[in-house]
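> Here is the input, now give the coordinates:
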Amino acid sequence: MATAVKSSNETSSPTPSPNSQLIRSSLIGSVYLVAGLAIVFFGLPQLWKTLLSDWVRDHLGAFFDPFGMGLAILFASVGLFYLGQQLANRVGSPPGLRAGVVVFVFGAVVGFLFCVWIGRILENNFLRDPTNRFGLMVMALVAVGLVWLVVRWARNGQLQHYLIVLEQQGWFTARSYKPNQGRLVRRFTMLGVLLIVGTGVNTLLESKAFTGHWTIRIPFTLNLLKEDHRLAVTLLPDIRYTAPLLLIALGIWFAWRVVNYPTFADFLIATEAELNKVSWVTRKRLMQDTVVVLIFLMLFTVFLLAVDSLWGWILSRKTLGGIVPTAERVEKKKATDIDW
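So this is what the prediction gives:
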């Protein structure tokens, strides 16, 4: 009987490991997220100011200029988010991809700020010359060291495990936890969080804290590319518009996720279950009990006043030595006191 045997010379293409696929997909996703943020917060506002701002102000009014730009940013954000979701679904997103994208972008920003902080310490305390390129080399070495630590962490598999665990906590998904339970308490909790965020944003707006751009000047770059010019990176433009939008969006997302976090959601569900066990009195019984409480408080107030007056009269008698001095004796004592 003849059998077919697969030749040993045939080699199949190696399939990437889940760990390397997660890191590669997270890097691609973080680049897409940064590009989307650049389009939303830099490209669209610049195009709006260049092409449409003057026309909108002249024909529709000054109010519709920032309002229209905000709507354009909102629609662009939704479109880019939907496109990113479709691309991730087509490629096949590994577990931990959402957490990886957010952690990589956040880590890149924190690493950049850390390098700038090191450079400013050197520029202000040790290398006081802003044109000293040695300080720039030190900043570059610090950045390379941070990247090496991340690569080493990823090669050990610890970074991938951390990303998967972080995503399993549910902070990067819109899924709800036990949606049919504890709805009333959850809604009031979300409302409380949104009120706190809203009042905070309103306070910042009233104090004129949102002005200009969030620009980071890079140390040791004076005269690097242009005379009397220092390199700078704008992390957030027009913060009077972008910062409130980001804070409100983060507040809405946090309010939604915190009431769907399993541990806290179970606590809210149990709280509503205990509230449902409370037997609420009728309106007539409530009015009767309120009248009884008010009458009791009035009688108790009269009783305390009578007792206080009685003991004040008794203790102010001369037969007891005047334990409590009367008003006449207090005035007389003040008149005889010597002002040193």
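> can you give me the strands in the stretch 151-300 of the chain?
For the stretch 151-300 of the chain, strands defined by DSSP state E, counting those that start in this stretch occupy the ranges 214-217, 232-236.
> nearest to residue 264, of the ones you listed?
Of all these, it is strand 232-236 that lies closest to residue 264, at 30.4 Å by Cβ to Cβ. Any C-beta I mention is one placed from the backbone N, CA and C, and that applies to glycine too.
> Adjacent strands (with direction) for that closest one?
With DSSP bridges as the criterion, the sheet partners recorded for strand 232-236 are strand 214-217 (antiparallel).
> which residues touch the partner strand?
Residues outside strand 214-217 that contact it (Cβ atoms under 8 Å, 6 or more residues apart in numbering) are 112-113, 116, 230-237, 239, 243.
> how deep is residue 82 tucked in, by neighbour count?
Neighbour count of residue 82, defined by other Cβ atoms under 10 Å: 10.
> Report pLDDT for it.
Predicted confidence (pLDDT) at residue 82: the value is 90.
> re the thing from before, any idea which of the contacts of strand 214-217 has the most stuff around it?
The residue in those with the most neighbours, by other Cβ under 10 Å, is residue 239 (20 neighbours).
> per-residue pLDDT, the residue nearest to that residue when sequence neighbours are not counted?
Of all residues not flanking residue 239 in the chain, residue 210 sits nearest, at 4.8 Å (Cβ to Cβ, 6 or more residues apart in numbering). Reported pLDDT at residue 210 in the predicted model: 81.
> how much space between residue 210 and residue 243?
Distance, residue 210 to residue 243, using Cβ to Cβ, to the nearest Å: 5 Å.
> overlap in contacts of these two?
Common neighbours of residue 210 and residue 243, using Cβ under 8 Å, 6+ apart, are residue 204.
> Below-threshold pLDDT in this protein: ranges please.
For the chain, the stretches flagged by pLDDT under 70 are 1-19, 91, 317-340.
> in it, which spans are helices?
For the chain, helices defined by DSSP state H occupy the ranges 18-38, 44-47, 53-59, 64-91, 97-121, 133-155, 158-168, 183-206, 239-258, 262-276, 283-315, 327-336.
> Tell me the helices and strands packed up against the first one.
In this structure, helix 18-38 makes packing contacts with helix 64-91, helix 97-121, helix 158-168, judged by 3 or more Cβ pairs under 8 Å, 6 or more residues apart in numbering; DSSP states H and E.
> Report the angle between the second one and helix 18-38.
In this case it means helix 97-121. 70 degrees (axes from the mean of the first three to the mean of the last three Cα atoms, to 10 degrees).
> Count the neighbours of the closest residue to residue 189 other than its chain neighbours for me.
Excluding its sequence neighbours, the residue lying closest to residue 189 (Cβ to Cβ, 6+ apart) is residue 259, at 5.3 Å. Residues within reach of residue 259, counting by other Cβ under 10 Å, total 21.
> quick one, phi/psi of residue 259?
Main-chain dihedrals, residue 259, degrees, to the nearest 10: phi -80, psi -10.
> cool, and residue 176?
When quoted as degrees, to the nearest 10, the phi and psi of residue 176 stand at phi -100, psi 150.
> ok, it - contacts?
Neighbouring residues of residue 176 by Cβ under 8 Å, 6+ apart: residue 260.
> With residue 120 instead?
residue 219.
> Please name the nearest non-neighbouring residue to residue 119.
Residue 119's closest residue in space is residue 219 (Cβ to Cβ, 6+ apart), at 3.5 Å.
> can you put the helices and strands packed on helix 18-38 in a markdown table and add distance to residue 41?
What follows is the helices and strands packed on helix 18-38, written out as a markdown table (distance: least, Cβ to Cβ, whole Å):
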| stretch | distance to residue 41 |
| --- | --- |
| helix 64-91 | 8 |
| helix 97-121 | 13 |
| helix 158-168 | 25 |
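> Which one of these lies nearest to residue 39?
Here helix 64-91 is closest among the helices and strands packed on helix 18-38 (Cβ to Cβ), at 6.7 Å.
> how far out from the middle of the chain is the closest one?
Offset of helix 64-91 from its chain centre (Cα atoms, centre = their mean, to the nearest Å): 21 Å.
> Give the other helices and strands that it contacts.
Using 3+ Cβ pairs under 8 Å, 6+ apart, helix 64-91 is in contact with helix 18-38, helix 44-47, helix 53-59, helix 239-258.
> Just the buried residues of it, please?
For helix 64-91, the neighbour count (16 or more other Cβ atoms under 10 Å) marks 65, 66, 69, 70, 72, 73, 76, 77, 80, 88 as buried.
> and if you look at stretch 111-128?
For stretch 111-128, the buried set under the neighbour-count rule, 16+ other Cβ under 10 Å, comprises 111, 112, 115, 116, 118, 119, 120, 122, 123, 127.
> and what of stretch 143-161?
146, 150, 154, 159, 160.
> Mind picking the two most distant members of the residues you listed?
Farthest apart among the buried residues of stretch 143-161 by Cβ to Cβ are 146 and 160. That separation is 18.3 Å.
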